[in-house]
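Novice: task: produce atomic coordinates for the following.
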Amino acid sequence: MNTYITAKTIKRLREEKGLTQFQLAEIIGVSDKAVSKWETSKGLPDISLVEPLCKALGVSVMELMSGDTVINKNISSNLLRSKFYVCPVCGNVMHSMGEAVISCCGIILPVLEAEEPDEEHTVTIEPVEDEKFITVHHSMTKEHFISFIAYVTSDTMRIVKLYPEGNAETRMQFRGRGYLYIYCNRHGLMKIKV
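Specialist: Numbers count the residues shown, from 1 in each chain. Alright, predicted model coming up:
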């Protein structure tokens with residue numbers, strides 16, 4: 001990981017839980033002086049204390065490490081709030097239906113911001129039987145390619161992974177209104193209302 005727990009994060013989370021340094025120390029089995037050192041940047045928790053510290057503070061290890069806590073608002077799990085993440089190291093594609101701390105290959109991934117496709121990424125959608133044939137007019141070399149196409153409505157998501165030297169096309173059923181997402185490994189995420 002390229003980050004570690006900060007004093008400010010520990011203090012903020014402890015105070016949000018309404019705990020004193022002494023109470024937090026008792027929960028995880030250390031002295032209150034140890035907690036004080038962590039919160040004043042005079043020391044760091046031992047790696048064996050990270051999980052107990054997370055449990056006591058009510059956060060995940062990733063939230064503690066990043067300093068960003070995720071609040072579950074559970075707003076009807078609408079897929080139209082979809083967020084996509086792509087690992088720059090291994091190419092993993094991850095999806096969430098709201099705010100999340102996503103990590104892959106030791107990197108905390110930023111959420112991809114979607115834009116409208118430009119002239120280099122034109123999309124054709126043609127009816128074929130009871131589906132739509134989607135073509136992205138784009139080269140598919142090993143260096144520059146479309147990584148995935150996804151169709152998202154309020155209650156359904158379908159994602160098709162594409163590979164270099166293949167074709168940037170797929171067939172999908174469109175039910176209801178939603179969005180078509182296209183991800184180019186160089187130009188990022190694009191979104192079309194369909």
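Novice: in contact with Glu120, which residues?
Specialist: Residues near Glu120 by CB atoms under 8 Å, 6 or more residues apart in numbering: 138, 187. (Each C-beta comes from the backbone N, C-alpha and C, glycine too.)
Novice: measure it to Arg186 for me?
Specialist: For Glu120, the distance to Arg186 equals 10 Å [CB to CB, to the nearest Å].
Novice: what's the longest helix in this protein?
Specialist: Secondary structure of the chain per DSSP state H: the longest helix is helix 7-16.
Novice: which strands or helices does the following helix or strand past that one pack on?
Specialist: Using DSSP states H and E, the helix or strand that follows helix 7-16 in sequence is helix 21-28. Applying 3 or more CB pairs under 8 Å, 6 or more residues apart in numbering; DSSP states H and E, we find helix 21-28 packed against helix 32-39, helix 50-57.
Novice: and the angle for helix 21-28 with helix 50-57?
Specialist: Interaxial angle of helix 21-28 relative to helix 50-57 (axes from the mean of the first three to the mean of the last three CA atoms, to 10 degrees): 120 degrees.
Novice: burial check on Gln23, number of neighbours?
Specialist: 14 (other CB atoms under 10 Å).
Novice: list the contacts of the residue most central in space within the chain.
Specialist: Central residue of the chain (CA atoms, centre = their mean): Ile102, 4.0 Å from the mean position. Taking CB under 8 Å, 6+ apart, we find Ile102 in contact with 85, 94, 96, 108-109.
Novice: for Arg14, see how far away it is.
Specialist: Ile102 is 25 Å from Arg14, where distance means CB to CB.
Novice: what of Glu26?
Specialist: With distances taken as CB to CB, Glu26 is found 12 Å from Arg14.
Novice: which one of those two is surrounded by more residues?
Specialist: More crowded of Glu26 and Arg14, by other CB under 10 Å: Arg14, with 20 against 15.
Novice: so what secondary structure elements neighbour the lowest-mean-pLDDT helix or strand in the chain?
Specialist: Lowest by mean pLDDT, DSSP states H and E among the helices and strands of the chain is helix 61-66, with a mean of 77. If contacts are counted by 3+ CB pairs under 8 Å, 6+ apart, helix 61-66 sits against helix 7-16, helix 50-57, strand 107-108.
Novice: thanks a lot, see you next time.
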